[in-house]
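K.L.:
heads up, no residue letters with this:
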């Protein structure tokens, strides 16, 4: 049985390109190259690369990039875009929970929830982080974005307090305070004009969880910031109003 994220990214590559959340590529890549001091010797792995928007932009700027995604249609679109741009990116169909890379890359990126934290169990999400860490060289850096648990936690509790509920539940709020998972229905029209209704299940993480998980993978320096579309910055402090967080981890 296909999981919701597998069904989502089947026959969705063209529509994906026009989504609002995919429009910040240039600014996000500007931040990435600044983080690695514009060092063209860096080998970069893009996990959950989708249609290759970050990987292709990095390759245009002279970087050696490998992109991996679970969706064959997304990878096919990425290869087509790279060919049209006359650049070389090594795009592969692969599962982020089961990658064979080891001590190979200077930088790993996972942006716009391309893989982590969409998995159906916490263990699967952790496997993705483990594989990202394993793929890095000993002085490597990991940059990724993920859903900020402070946002639904704050707003769910606030709603509870504002409405004086006694059982802590609400039919309008699918966020589970015990698991930090949000279940929702997502409607979309795929590239073939078919209407789909997907039962999404996403895991939100609070900063302390992310810090603990990364420390358990031997990352020593972990910085977490607000994540703003197309404008990543170390100057933006994470708040309860940020839907996503930007994580930068180094060994």
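P.N.:
Right, received. Where do you want to start? This one's a predicted model, so the numbers in the text were calculated from it and none came from an experiment. Numbering: from 1, shown residues only.

K.L.:
who touches the residue lying closest to residue 48 once chain neighbours are set aside in this structure?
P.N.:
Closest residue to residue 48 apart from its sequence neighbours, by Cβ to Cβ, 6 or more residues apart in numbering: residue 114 at 2.2 Å. C-beta coordinates here come from the backbone N, C-alpha and C atoms, glycine included. Residue 114 makes contacts with 46, 47, 48, 49, 50, 69, as judged by Cβ atoms under 8 Å, 6 or more residues apart in numbering.

K.L.:
secondary structure class for the residue lying closest to the fourth one once chain neighbours are set aside?
P.N.:
Spatial nearest neighbour of residue 49, chain neighbours left out: residue 67 (3.4 Å); criterion: Cβ to Cβ, 6+ apart. Each residue gets one of three states, and residue 67 gets strand by DSSP: H, G, I helix; E, B strand; the rest coil.

K.L.:
quick check, residue 67 in contact with residue 89.
P.N.:
Yes - Residue 67 is within contact range of residue 89, at 5.7 Å (criterion: Cβ atoms under 8 Å).

K.L.:
before we move on, back to that, with pLDDT as added columns, please give the contacts of residue 114 in a markdown table.
P.N.:
Putting the contacts of residue 114 into a markdown table (pLDDT from 0 to 100) gives the following:
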| residue | pLDDT |
| --- | --- |
| 46 | 98 |
| 47 | 98 |
| 48 | 95 |
| 49 | 95 |
| 50 | 92 |
| 69 | 95 |
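
K.L.:
just the ones of those residues in strands?
P.N.:
Secondary structure assignment by DSSP state E places 46, 47, 69 of the contacts of residue 114 in strands.

K.L.:
residue 78 versus the last one, what's the distance?
P.N.:
Same thing as residue 69. Look at residue 69 and residue 78: by Cβ to Cβ, to the nearest Å, they are 7 Å apart.

K.L.:
pLDDT weak spots in this protein?
P.N.:
By pLDDT under 70, the low-scoring segments of the chain are 1, 4, 8-9, 160-173.

K.L.:
pull the longest strand from it.
P.N.:
Per DSSP E, the chain has its longest strand at strand 136-147.

K.L.:
that one packs against which elements?
P.N.:
Here strand 136-147 is seen to pack against helix 25-35, strand 105-110, helix 122-135, strand 244-250 when contacts are counted using 3 or more Cβ pairs under 8 Å, 6 or more residues apart in numbering; DSSP states H and E.

K.L.:
pull out the buried positions in the third one.
P.N.:
Okay, so that is helix 122-135. 122, 124, 125, 126, 127, 128, 129, 131, 132, 133, 135 (16 or more other Cβ atoms under 10 Å).

K.L.:
packing partners for it?
P.N.:
If contacts are counted by 3+ Cβ pairs under 8 Å, 6+ apart, helix 122-135 sits against strand 43-47, strand 105-110, strand 136-147, helix 207-216.

K.L.:
mind checking the ones you listed for the one nearest to residue 55?
P.N.:
Residue 55 lies closest, by Cβ to Cβ, to one member of those: strand 43-47, at 4.4 Å.

K.L.:
what is the closest one packed up against?
P.N.:
In terms of contacts (3+ Cβ pairs under 8 Å, 6+ apart), strand 43-47 is packed against helix 53-60, strand 64-69, strand 105-110, helix 122-135.

K.L.:
10 Å instead, please
P.N.:
helix 25-35, helix 53-60, strand 64-69, strand 105-110, helix 122-135, strand 136-147 (3 or more Cβ pairs under 10 Å, 6 or more residues apart in numbering; DSSP states H and E).

K.L.:
would CSV of these with distance to residue 248 be doable?
P.N.:
CSV is the format used below for the helices and strands packed on strand 43-47 (distance: least, Cβ to Cβ, whole Å):
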stretch, distance to residue 248
helix 25-35, 7
helix 53-60, 15
strand 64-69, 18
strand 105-110, 10
helix 122-135, 13
strand 136-147, 5
